[in-house]
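quick one, what's the 3D model for this:
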Amino acid sequence: MKAKSIKGKSVEELKSALAETISADFRPTLAIIFSSVSQDLKSICDVVDAEGIAIFGCTTAGEFIDEETETGSWVMLLMDLNPDYFKIYLEEYPDKNYREVAHAVAKNVSGDFATPAILLGVSQIETNGEEILHGFEDVFGQEANLFGGLAGDDYAMKDTFVFTNGKISNFGLVCLVLDQTKVEVQGIATCGWKAVGTEKTVTKSEGNHIYTIEDIPVLDITAKYGGLENVSPDNDRLFVELSCNLPLQLQREKGDPIMRGGLVVDWTDRSYYSNGSVPAGSKVRFSVPPDWDVMEKVVKGVDHLKNDRMPEADAVVVFSCAGRILSFGPMMNAEIEGVKQVWKVPMAGMFSYGELGRATGGNLELLNLTTCCVALKEK
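Take a look at the predicted model:
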(Lines give C-alpha, C1' and ligand atoms only; values in the text may rest on other atoms or scores of the structure.)
Protein backbone atom coordinates (compact mmCIF):
# COMPACT_ATOMS: atom_id res chain seq x y z
CA MET A 1 0.00 0.00 0.00
CA LYS A 2 1.24 3.45 -0.89
CA ALA A 3 0.33 6.38 1.34
CA LYS A 4 0.84 10.13 1.22
CA SER A 5 -0.10 12.90 3.64
CA ILE A 6 -1.12 16.45 2.72
CA LYS A 7 -2.35 19.53 4.57
CA GLY A 8 -3.82 22.94 3.91
CA LYS A 9 -6.08 25.74 5.10
CA SER A 10 -8.60 26.10 2.29
CA VAL A 11 -10.58 24.13 -0.26
CA GLU A 12 -8.46 25.65 -3.01
CA GLU A 13 -5.31 24.34 -1.36
CA LEU A 14 -6.97 20.92 -1.18
CA LYS A 15 -7.71 20.95 -4.89
CA SER A 16 -4.12 21.89 -5.67
CA ALA A 17 -2.68 19.29 -3.29
CA LEU A 18 -4.80 16.50 -4.76
CA ALA A 19 -3.88 17.53 -8.31
CA GLU A 20 -0.19 17.32 -7.36
CA THR A 21 -0.53 14.06 -5.43
CA ILE A 22 -2.82 11.90 -7.56
CA SER A 23 -1.10 10.36 -10.55
CA ALA A 24 -0.94 7.22 -12.64
CA ASP A 25 1.34 5.75 -9.96
CA PHE A 26 -0.80 6.81 -7.02
CA ARG A 27 -4.58 6.64 -7.17
CA PRO A 28 -5.86 6.82 -3.55
CA THR A 29 -9.04 5.04 -2.54
CA LEU A 30 -9.17 6.02 1.13
CA ALA A 31 -8.67 9.32 2.97
CA ILE A 32 -8.41 9.83 6.72
CA ILE A 33 -9.26 13.50 7.20
CA PHE A 34 -8.79 15.50 10.40
CA SER A 35 -10.10 19.04 10.16
CA SER A 36 -10.78 22.15 12.17
CA VAL A 37 -14.49 23.02 12.50
CA SER A 38 -13.60 26.37 10.91
CA GLN A 39 -13.08 24.61 7.58
CA ASP A 40 -15.85 24.06 5.00
CA LEU A 41 -16.42 20.38 5.71
CA LYS A 42 -19.00 19.87 2.99
CA SER A 43 -16.79 21.34 0.28
CA ILE A 44 -13.82 19.30 1.49
CA CYS A 45 -15.91 16.13 1.30
CA ASP A 46 -17.27 17.07 -2.13
CA VAL A 47 -13.76 17.60 -3.54
CA VAL A 48 -12.45 14.30 -2.16
CA ASP A 49 -15.60 12.41 -3.12
CA ALA A 50 -15.31 13.67 -6.70
CA GLU A 51 -11.99 11.80 -6.91
CA GLY A 52 -13.70 8.54 -5.92
CA ILE A 53 -11.99 8.45 -2.52
CA ALA A 54 -13.72 7.04 0.56
CA ILE A 55 -13.65 9.36 3.60
CA PHE A 56 -13.17 8.77 7.32
CA GLY A 57 -13.28 12.18 8.95
CA CYS A 58 -13.32 13.93 12.34
CA THR A 59 -13.12 17.52 13.51
CA THR A 60 -10.32 18.31 15.92
CA ALA A 61 -8.71 20.55 18.51
CA GLY A 62 -5.61 20.68 16.29
CA GLU A 63 -4.18 18.48 13.56
CA PHE A 64 -0.82 17.42 12.12
CA ILE A 65 0.97 15.31 9.50
CA ASP A 66 4.46 15.93 10.88
CA GLU A 67 6.02 17.57 13.93
CA GLU A 68 4.44 20.94 13.12
CA THR A 69 1.01 21.12 14.76
CA GLU A 70 -1.68 23.06 12.93
CA THR A 71 -4.84 24.95 13.91
CA GLY A 72 -7.69 26.04 11.68
CA SER A 73 -6.57 23.64 8.97
CA TRP A 74 -7.25 20.22 7.47
CA VAL A 75 -4.81 17.32 7.19
CA MET A 76 -5.25 14.17 5.16
CA LEU A 77 -3.71 10.70 4.95
CA LEU A 78 -4.30 9.24 1.48
CA MET A 79 -3.93 5.50 0.82
CA ASP A 80 -4.34 3.38 -2.33
CA LEU A 81 -5.77 0.40 -0.45
CA ASN A 82 -7.93 -2.16 -2.26
CA PRO A 83 -11.57 -1.12 -1.58
CA ASP A 84 -12.41 -4.75 -0.76
CA TYR A 85 -10.13 -4.50 2.28
CA PHE A 86 -12.07 -1.80 4.13
CA LYS A 87 -15.51 -0.33 4.74
CA ILE A 88 -16.77 2.89 6.35
CA TYR A 89 -19.93 3.29 8.40
CA LEU A 90 -21.53 6.45 9.78
CA GLU A 91 -24.49 6.09 12.13
CA GLU A 92 -26.24 8.60 14.35
CA TYR A 93 -27.72 8.40 17.85
CA PRO A 94 -30.24 11.27 18.13
CA ASP A 95 -31.95 9.38 20.97
CA LYS A 96 -28.63 9.08 22.85
CA ASN A 97 -28.89 5.29 22.59
CA TYR A 98 -25.12 5.05 22.23
CA ARG A 99 -24.64 1.42 23.14
CA GLU A 100 -27.53 0.25 20.97
CA VAL A 101 -26.26 2.11 17.90
CA ALA A 102 -22.66 0.96 18.43
CA HIS A 103 -23.87 -2.61 18.89
CA ALA A 104 -25.79 -2.45 15.59
CA VAL A 105 -22.73 -1.10 13.78
CA ALA A 106 -20.57 -3.83 15.31
CA LYS A 107 -23.03 -6.51 14.15
CA ASN A 108 -22.81 -5.16 10.61
CA VAL A 109 -19.03 -5.12 10.85
CA SER A 110 -18.96 -8.75 12.01
CA GLY A 111 -21.03 -9.70 8.99
CA ASP A 112 -18.60 -8.01 6.61
CA PHE A 113 -15.24 -9.02 8.11
CA ALA A 114 -14.31 -12.04 10.21
CA THR A 115 -11.27 -10.34 11.77
CA PRO A 116 -11.80 -6.58 11.73
CA ALA A 117 -9.64 -3.76 13.03
CA ILE A 118 -11.57 -0.60 13.80
CA LEU A 119 -10.79 3.12 13.78
CA LEU A 120 -13.55 5.13 15.41
CA GLY A 121 -14.50 8.80 15.50
CA VAL A 122 -17.24 10.05 17.82
CA SER A 123 -19.07 13.42 17.72
CA GLN A 124 -21.26 15.39 20.13
CA ILE A 125 -19.69 16.75 23.30
CA GLU A 126 -22.00 14.91 25.70
CA THR A 127 -21.70 11.51 24.00
CA ASN A 128 -20.88 8.72 26.44
CA GLY A 129 -17.78 7.21 24.85
CA GLU A 130 -17.79 4.34 27.32
CA GLU A 131 -21.24 3.28 26.15
CA ILE A 132 -20.00 3.36 22.54
CA LEU A 133 -17.19 1.00 23.51
CA HIS A 134 -19.58 -1.30 25.38
CA GLY A 135 -21.63 -1.63 22.19
CA PHE A 136 -18.57 -2.90 20.29
CA GLU A 137 -17.53 -5.10 23.21
CA ASP A 138 -20.95 -6.77 23.19
CA VAL A 139 -20.07 -8.16 19.75
CA PHE A 140 -16.27 -8.45 19.70
CA GLY A 141 -15.36 -8.71 23.37
CA GLN A 142 -12.62 -6.86 25.22
CA GLU A 143 -9.98 -8.06 22.77
CA ALA A 144 -11.38 -5.98 19.91
CA ASN A 145 -8.64 -4.21 17.95
CA LEU A 146 -10.14 -0.73 18.23
CA PHE A 147 -8.65 2.76 18.49
CA GLY A 148 -10.11 6.21 17.98
CA GLY A 149 -10.94 9.61 19.37
CA LEU A 150 -13.69 11.98 20.36
CA ALA A 151 -14.02 14.77 17.80
CA GLY A 152 -13.01 18.32 18.79
CA ASP A 153 -14.03 21.86 17.92
CA ASP A 154 -10.91 23.96 18.59
CA TYR A 155 -11.71 24.06 22.32
CA ALA A 156 -15.07 25.80 21.86
CA MET A 157 -16.72 22.77 23.55
CA LYS A 158 -19.96 23.33 21.64
CA ASP A 159 -20.33 21.26 18.46
CA THR A 160 -18.11 18.50 17.06
CA PHE A 161 -18.50 16.52 13.84
CA VAL A 162 -17.69 13.25 12.13
CA PHE A 163 -18.08 12.85 8.38
CA THR A 164 -17.85 10.58 5.39
CA ASN A 165 -18.88 10.71 1.74
CA GLY A 166 -22.16 12.63 1.50
CA LYS A 167 -22.79 12.83 5.24
CA ILE A 168 -21.72 15.06 8.15
CA SER A 169 -23.01 14.49 11.66
CA ASN A 170 -22.72 16.28 14.99
CA PHE A 171 -24.39 13.38 16.84
CA GLY A 172 -22.93 10.20 15.39
CA LEU A 173 -19.98 7.87 15.02
CA VAL A 174 -17.85 7.17 11.98
CA CYS A 175 -16.18 3.79 11.78
CA LEU A 176 -13.38 2.68 9.45
CA VAL A 177 -13.12 -1.09 9.40
CA LEU A 178 -10.04 -2.83 8.00
CA ASP A 179 -9.81 -6.52 7.10
CA GLN A 180 -6.95 -7.84 9.19
CA THR A 181 -6.40 -10.78 6.85
CA LYS A 182 -5.29 -8.16 4.29
CA VAL A 183 -4.06 -5.26 6.43
CA GLU A 184 -2.06 -5.56 9.62
CA VAL A 185 -3.17 -3.03 12.22
CA GLN A 186 -1.24 -2.57 15.47
CA GLY A 187 -1.71 0.18 18.02
CA ILE A 188 -0.60 1.40 21.41
CA ALA A 189 -2.09 3.83 23.93
CA THR A 190 0.39 5.59 26.22
CA CYS A 191 -0.03 8.41 28.72
CA GLY A 192 3.08 8.95 30.80
CA TRP A 193 1.74 11.10 33.65
CA LYS A 194 3.47 10.15 36.91
CA ALA A 195 1.57 9.24 40.06
CA VAL A 196 2.34 10.50 43.55
CA GLY A 197 1.28 9.33 46.99
CA THR A 198 -0.60 6.22 48.06
CA GLU A 199 -3.87 4.90 46.71
CA LYS A 200 -6.98 6.72 47.88
CA THR A 201 -10.60 5.56 47.82
CA VAL A 202 -13.37 7.36 45.97
CA THR A 203 -16.04 7.52 48.67
CA LYS A 204 -18.85 9.17 46.71
CA SER A 205 -19.48 9.43 42.98
CA GLU A 206 -22.21 9.02 40.38
CA GLY A 207 -20.96 8.10 36.93
CA ASN A 208 -18.49 10.83 35.98
CA HIS A 209 -19.52 13.15 38.85
CA ILE A 210 -16.92 12.75 41.60
CA TYR A 211 -17.94 14.11 44.98
CA THR A 212 -15.44 12.93 47.58
CA ILE A 213 -12.18 11.03 47.98
CA GLU A 214 -11.54 9.74 51.49
CA ASP A 215 -14.68 11.71 52.44
CA ILE A 216 -13.00 14.98 51.41
CA PRO A 217 -14.42 17.06 48.53
CA VAL A 218 -12.48 16.05 45.42
CA LEU A 219 -11.57 19.64 44.58
CA ASP A 220 -10.05 20.24 48.01
CA ILE A 221 -8.01 17.04 48.18
CA THR A 222 -6.74 17.52 44.61
CA ALA A 223 -5.73 21.11 45.41
CA LYS A 224 -3.90 19.92 48.52
CA TYR A 225 -1.86 17.30 46.70
CA GLY A 226 -1.23 19.58 43.74
CA GLY A 227 -0.27 22.59 45.80
CA LEU A 228 -2.92 24.77 44.18
CA GLU A 229 -3.50 28.14 45.81
CA ASN A 230 -6.10 30.08 43.84
CA VAL A 231 -8.92 27.50 43.88
CA SER A 232 -11.85 29.74 42.96
CA PRO A 233 -14.24 30.43 40.06
CA ASP A 234 -12.05 33.41 39.18
CA ASN A 235 -9.07 31.22 38.29
CA ASP A 236 -9.11 30.87 34.49
CA ARG A 237 -6.31 28.28 34.66
CA LEU A 238 -8.09 25.96 37.09
CA PHE A 239 -9.61 23.90 34.25
CA VAL A 240 -6.14 23.24 32.82
CA GLU A 241 -4.73 22.34 36.24
CA LEU A 242 -7.51 19.87 37.07
CA SER A 243 -7.95 18.29 33.64
CA CYS A 244 -4.40 18.34 32.27
CA ASN A 245 -1.78 18.86 34.95
CA LEU A 246 -3.28 17.19 38.04
CA PRO A 247 -5.66 14.46 36.85
CA LEU A 248 -6.62 11.47 38.94
CA GLN A 249 -5.14 8.12 37.95
CA LEU A 250 -7.89 5.51 38.15
CA GLN A 251 -6.33 2.20 39.13
CA ARG A 252 -7.35 -0.93 37.23
CA GLU A 253 -7.00 -4.58 38.23
CA LYS A 254 -5.66 -5.21 34.73
CA GLY A 255 -3.24 -2.94 32.89
CA ASP A 256 -2.03 0.61 33.36
CA PRO A 257 -4.16 3.18 35.21
CA ILE A 258 -6.31 5.52 33.15
CA MET A 259 -6.59 9.27 33.55
CA ARG A 260 -9.61 11.16 34.85
CA GLY A 261 -9.35 14.95 35.03
CA GLY A 262 -11.79 17.52 36.34
CA LEU A 263 -13.70 19.34 33.62
CA VAL A 264 -16.48 21.25 35.39
CA VAL A 265 -16.54 22.20 39.08
CA ASP A 266 -19.74 22.25 41.13
CA TRP A 267 -18.90 25.01 43.60
CA THR A 268 -21.85 24.20 45.86
CA ASP A 269 -20.09 21.10 47.22
CA ARG A 270 -16.65 21.39 45.57
CA SER A 271 -17.18 18.27 43.50
CA TYR A 272 -16.37 18.02 39.81
CA TYR A 273 -17.40 16.27 36.64
CA SER A 274 -14.71 14.16 35.05
CA ASN A 275 -14.14 13.03 31.45
CA GLY A 276 -15.13 9.44 32.21
CA SER A 277 -16.75 7.40 34.93
CA VAL A 278 -15.05 6.92 38.30
CA PRO A 279 -17.10 4.42 40.36
CA ALA A 280 -17.53 4.86 44.09
CA GLY A 281 -15.15 2.52 45.90
CA SER A 282 -12.53 2.63 43.17
CA LYS A 283 -8.91 3.41 43.93
CA VAL A 284 -7.14 6.49 42.59
CA ARG A 285 -3.75 8.13 42.88
CA PHE A 286 -2.92 11.76 42.28
CA SER A 287 -0.70 12.99 39.48
CA VAL A 288 2.16 15.44 39.42
CA PRO A 289 2.37 18.04 36.65
CA PRO A 290 3.93 16.49 33.52
CA ASP A 291 7.53 16.95 32.47
CA TRP A 292 9.70 15.97 29.50
CA ASP A 293 9.68 12.30 30.57
CA VAL A 294 5.98 12.07 29.67
CA MET A 295 6.72 12.63 26.00
CA GLU A 296 9.75 10.34 26.09
CA LYS A 297 7.58 7.54 27.46
CA VAL A 298 5.18 7.86 24.53
CA VAL A 299 7.97 7.71 21.95
CA LYS A 300 9.58 4.75 23.70
CA GLY A 301 6.22 2.97 23.77
CA VAL A 302 5.78 3.44 20.04
CA ASP A 303 9.35 2.27 19.45
CA HIS A 304 8.59 -0.88 21.44
CA LEU A 305 5.50 -1.43 19.29
CA LYS A 306 7.71 -1.38 16.21
CA ASN A 307 10.31 -3.69 17.69
CA ASP A 308 7.87 -6.17 19.22
CA ARG A 309 4.91 -6.31 16.84
CA MET A 310 5.17 -4.03 13.81
CA PRO A 311 8.66 -3.83 12.27
CA GLU A 312 7.34 -2.15 9.12
CA ALA A 313 4.40 0.16 8.42
CA ASP A 314 2.90 1.84 5.37
CA ALA A 315 1.11 4.61 7.29
CA VAL A 316 0.48 5.86 10.82
CA VAL A 317 -2.62 7.42 12.42
CA VAL A 318 -2.42 9.26 15.76
CA PHE A 319 -5.17 10.25 18.19
CA SER A 320 -3.61 12.51 20.85
CA CYS A 321 -5.44 14.21 23.69
CA ALA A 322 -6.10 17.93 23.39
CA GLY A 323 -5.01 18.19 27.02
CA ARG A 324 -1.48 17.19 26.08
CA ILE A 325 -0.93 20.21 23.89
CA LEU A 326 -2.49 22.44 26.57
CA SER A 327 0.11 21.09 28.98
CA PHE A 328 3.13 21.04 26.66
CA GLY A 329 2.47 23.82 24.16
CA PRO A 330 5.18 24.02 21.48
CA MET A 331 7.13 21.21 23.17
CA MET A 332 4.45 18.83 21.89
CA ASN A 333 6.23 18.99 18.54
CA ALA A 334 9.04 16.87 20.01
CA GLU A 335 6.67 14.01 20.83
CA ILE A 336 5.08 14.07 17.39
CA GLU A 337 8.47 14.18 15.68
CA GLY A 338 9.61 11.25 17.81
CA VAL A 339 6.59 9.19 16.77
CA LYS A 340 7.07 10.14 13.14
CA GLN A 341 10.69 9.02 13.19
CA VAL A 342 9.87 5.50 14.41
CA TRP A 343 8.66 4.29 10.99
CA LYS A 344 9.30 7.40 8.87
CA VAL A 345 6.14 6.86 6.83
CA PRO A 346 3.21 9.17 6.01
CA MET A 347 1.17 10.11 9.07
CA ALA A 348 -1.96 12.03 10.04
CA GLY A 349 -2.99 12.93 13.56
CA MET A 350 -5.57 14.86 15.55
CA PHE A 351 -5.91 16.33 19.02
CA SER A 352 -9.07 14.80 20.47
CA TYR A 353 -11.41 15.37 23.42
CA GLY A 354 -10.82 11.79 24.59
CA GLU A 355 -9.17 8.68 23.23
CA LEU A 356 -10.55 5.20 22.64
CA GLY A 357 -8.28 2.22 22.97
CA ARG A 358 -6.56 -0.21 25.27
CA ALA A 359 -4.12 1.07 27.86
CA THR A 360 -0.99 -1.04 28.11
CA GLY A 361 -2.00 -4.46 29.39
CA GLY A 362 -5.58 -3.35 29.96
CA ASN A 363 -9.05 -3.46 28.49
CA LEU A 364 -10.79 -1.14 26.04
CA GLU A 365 -11.31 2.19 27.77
CA LEU A 366 -12.28 5.79 27.25
CA LEU A 367 -8.85 7.32 27.83
CA ASN A 368 -7.64 10.84 28.53
CA LEU A 369 -4.30 12.65 28.27
CA THR A 370 -3.23 9.71 26.12
CA THR A 371 -1.59 9.28 22.74
CA CYS A 372 -2.96 6.42 20.63
CA CYS A 373 -0.63 5.52 17.77
CA VAL A 374 -1.92 3.09 15.12
CA ALA A 375 0.31 1.62 12.41
CA LEU A 376 -1.07 0.11 9.16
CA LYS A 377 0.67 -2.32 6.80
CA GLU A 378 -0.85 -4.08 3.80
CA LYS A 379 0.02 -7.79 3.83
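
contacting residues around Lys379?
By CB atoms under 8 Å, 6 or more residues apart in numbering, Lys379 lies in contact with 181-184. (Each C-beta comes from the backbone N, C-alpha and C, glycine too.)

now do 7 Å
Counting by CB atoms under 7 Å, 6 or more residues apart in numbering, Lys379 makes contact with 182-184.

again, but for Ala102
By CB under 7 Å, 6+ apart, the neighbours of Ala102 are 132, 135-136, 173.

8 Å instead?
131-136, 173.

give me the buried subset of these.
Buried residues within these, counting neighbours by 16 or more other CB atoms under 10 Å: 131-133, 135-136, 173.

for the contacts of Lys379, give me JSON lines that also has distance to Arg252 and neighbour count.
Output for the contacts of Lys379, formatted as JSON lines (distance: CB to CB, whole Å; neighbours: other CB atoms under 10 Å):
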{"residue": "Lys182", "distance to Arg252": "33", "neighbour count": "16"}
{"residue": "Val183", "distance to Arg252": "30", "neighbour count": "19"}
{"residue": "Glu184", "distance to Arg252": "27", "neighbour count": "18"}
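
now, the residues you listed that are in strands?
183-184 (DSSP state E).

now Pro257, nearest residue through space, not along the chain?
In space, and not counting its chain neighbours, Pro257 is closest to Gln249: 4.1 Å by CB to CB, 6 or more residues apart in numbering.

actually Gln124, not the one I wrote
Closest to Gln124 by CB to CB, 6+ apart is Phe171, at 4.5 Å.

kindly report the same for His209.
Using CB to CB, 6+ apart and skipping residues adjacent in sequence, the residue nearest His209 is Tyr273, 5.3 Å away.

OK, contacts around Asp49?
Counted by CB under 8 Å, 6+ apart, Asp49 has contacts 55, 165-166.

scratch that, Phe163
Counting by CB under 8 Å, 6+ apart, Phe163 makes contact with 33, 41, 45, 55, 57-58, 90, 169, 174.

so it bridges to which residues?
Beta-bridge partners for Phe163, by DSSP bridges, are Gly57, Ile168.

report pLDDT for it.
On pLDDT, Phe163 comes in at 98.

from now on call the first residue 46
Sure, I'll start numbering at 46, so the last one becomes Phe208.

for it, give its distance to Phe216.
Per CB to CB, to the nearest Å, Phe208 is found 12 Å from Phe216.

cool, and Ile177?
12 Å.

also Leu264?
31 Å.

the more surrounded of the two?
Between Leu264 and Phe216, counted using other CB atoms under 10 Å, Leu264 has the larger neighbour count: 24 against 19.

ok, the closest residue to Cys289 other than its chain neighbours - contacts?
Excluding its sequence neighbours, the residue lying closest to Cys289 (CB to CB, 6+ apart) is Gly368, at 4.1 Å. Each residue near Gly368 by CB under 8 Å, 6+ apart is listed here: 288-289, 306, 413-414.
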